[in-house]
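>>> Predicted model and sequence follow; I will ask about them next.
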2 protein chains.
Amino acid sequence: MSAKPRIERAALEVFAAHGVDGATTKLIAARAEVSEGAIYRHWKSKDELAIGLFMAAHRRLSDLIDTEAGAVHGVEAKAAALVKAYCTAADEDWTLFSFHLLQLHHFLPYYQDDGRDPVTLVETIIKYGMMKMELPPGDPRVVAAMAIGVITQTAQNKAYGRLGEDALSAHASLMTAAVQAVLKAR
Amino acid sequence: MSAKPRIERAALEVFAAHGVDGATTKLIAARAEVSEGAIYRHWKSKDELAIGLFMAAHRRLSDLIDTEAGAVHGVEAKAAALVKAYCTAADEDWTLFSFHLLQLHHFLPYYQDDGRDPVTLVETIIKYGMMKMELPPGDPRVVAAMAIGVITQTAQNKAYGRLGEDALSAHASLMTAAVQAVLKAR
DNA sequence: GCCATGCAAGTAAATGCTCACATACTGATC
DNA sequence: GATCAGTATGTGAGCATTTACTTGCATGGC
């Protein structure tokens, strides 16, 4: 059985639990049941491994947003589709998504300026919604942050073990209603 | 001028920027314009310094919630008071609050079970609001997470530099409306 | 004189990473 | 199908560097 995917899984778990700086290559290797050297056959450095894993999740999330939001019309429908899609994807690979969620700030410098990060995409959707008078006017950056916060904080609390063992999807309809309420609130 | 407060300020900044594990005692000392040894006159270890700073912010926030929520009646009023109080406190000491916000997950083991953390307090307020029929029924843990997320994600995005140089308070009324909408959404 | 505070140099341990070597796979050649 | 070079993959001991922390000494207020 090849080591690369085992290393990726192990790294994801260790990074999510200890952070990128707190994680050691020894720990990752041990968890993957692989020697430390094996890591360096596939990645130049610990940071490159971390960045690779993160950016994969980041792009996957961006693509998800593009696809799901493009498939329906109207801000309300887009919001519902996005919440549902995020919940489903997170439940399918909780390790990946909690890593992405909890370690976001470590990777700010790497995605900040590519213009295709999830936050910017949501901001754009909201801006259009305001132009089309589907939403009341307001600072799209703040409205996007608030709407996103409804999801991310719930997911974080689940990651912290505050919501029991329920899937995130179990709360999808409640979160959808909350997001839609935030968008219209003023 | 005594070194202790200078070290505290410097540590706060460095921890906020690099995380607890990413921060080095050298960097903290350099930023405080103090030798590394000076740190160990006042704290036993780097971790004790970090925990001390964090728990101070954590207790201060818990006290704030207790005081502000106790001063008014009704969930709506409590929500408004809490949002305003958080914004004001955060603006007054942005370094402290962004450190608290961004490094929360590093300190989970230390406050999780003390029952007086901000999240639990908010959950309690919401639970009472539901009992008194001021709020529609629902899982208080999820509703609390969503309401808190409106604030924390906005604050995070400001910390990431996505909201310009505005004070957090500049968005307080928008956030209040959003939080109240979340509480009532179902 | 005494204690708290600060400094500069130093130490032991840990960490990311390398390297010489071993093994497993691939596919072209006979 | 057997042979064998060439390459990709994995090992584990070890290296240079960094890191948190210590220690002996100087200073200054009371």
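Good, I have the coordinates.
>>> and chain A, which of its residues are near DNA strand C?
Contact residues (C-beta under 7 Å from any atom of the strand) of chain A with DNA strand C: A:23-26, A:36-37, A:40, A:44-47. The C-beta positions use only the backbone N, C-alpha and C, and glycine is treated the same way.
>>> From A:L61, how far off is A:D47?
21 Å (C-beta to C-beta, to the nearest Å).
>>> which one of these two has more residues nearby?
Neighbours per residue, other C-beta atoms under 10 Å in any protein chain shown: of A:D47 and A:L61, the larger number sits with A:L61, 21 against 12.
>>> Just the helices from chain A, written as ranges.
For chain A, the helices defined by DSSP state H cover A:3-18, A:25-32, A:36-42, A:46-70, A:75-92, A:94-103, A:108-111, A:118-131, A:140-159, A:172-184.
>>> of these, which approaches chain B most closely?
Smallest distance to chain B across the helices of chain A (C-beta to the nearest C-beta): 2.7 Å, for helix A:140-159.
>>> now that closest one: mean pLDDT?
Average pLDDT, helix A:140-159: 98.
>>> What of stretch A:24-37?
According to the model, stretch A:24-37 has a mean pLDDT of 96.
>>> which residues touch that stretch?
Residues from elsewhere that reach stretch A:24-37 (C-beta atoms under 8 Å, 6 or more residues apart in numbering or on different chains): A:3, A:6-7, A:9-11, A:13-14, A:18, A:38-39, A:46.
>>> Can you point out the buried residues in that stretch?
Residues of stretch A:24-37 classed as buried by neighbour count (16 or more other C-beta atoms under 10 Å in any protein chain shown): A:25, A:27-29, A:31-32, A:34.
>>> And stretch A:60-72, by the same measure?
Residues of stretch A:60-72 classed as buried: A:61-62, A:64-65, A:68-69 (neighbour count, 16+ other C-beta under 10 Å).
>>> returning to what we had before: could I get the residues of chain A next to DNA strand C as JSON lines with distance to DNA strand D?
Below are the residues of chain A next to DNA strand C laid out as JSON lines (distance: C-beta to the nearest atom of the strand, whole Å):
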{"residue": "A:A23", "distance to DNA strand D": "14"}
{"residue": "A:T24", "distance to DNA strand D": "11"}
{"residue": "A:T25", "distance to DNA strand D": "9"}
{"residue": "A:K26", "distance to DNA strand D": "9"}
{"residue": "A:E36", "distance to DNA strand D": "5"}
{"residue": "A:G37", "distance to DNA strand D": "2"}
{"residue": "A:Y40", "distance to DNA strand D": "7"}
{"residue": "A:K44", "distance to DNA strand D": "13"}
{"residue": "A:S45", "distance to DNA strand D": "13"}
{"residue": "A:K46", "distance to DNA strand D": "13"}
{"residue": "A:D47", "distance to DNA strand D": "13"}
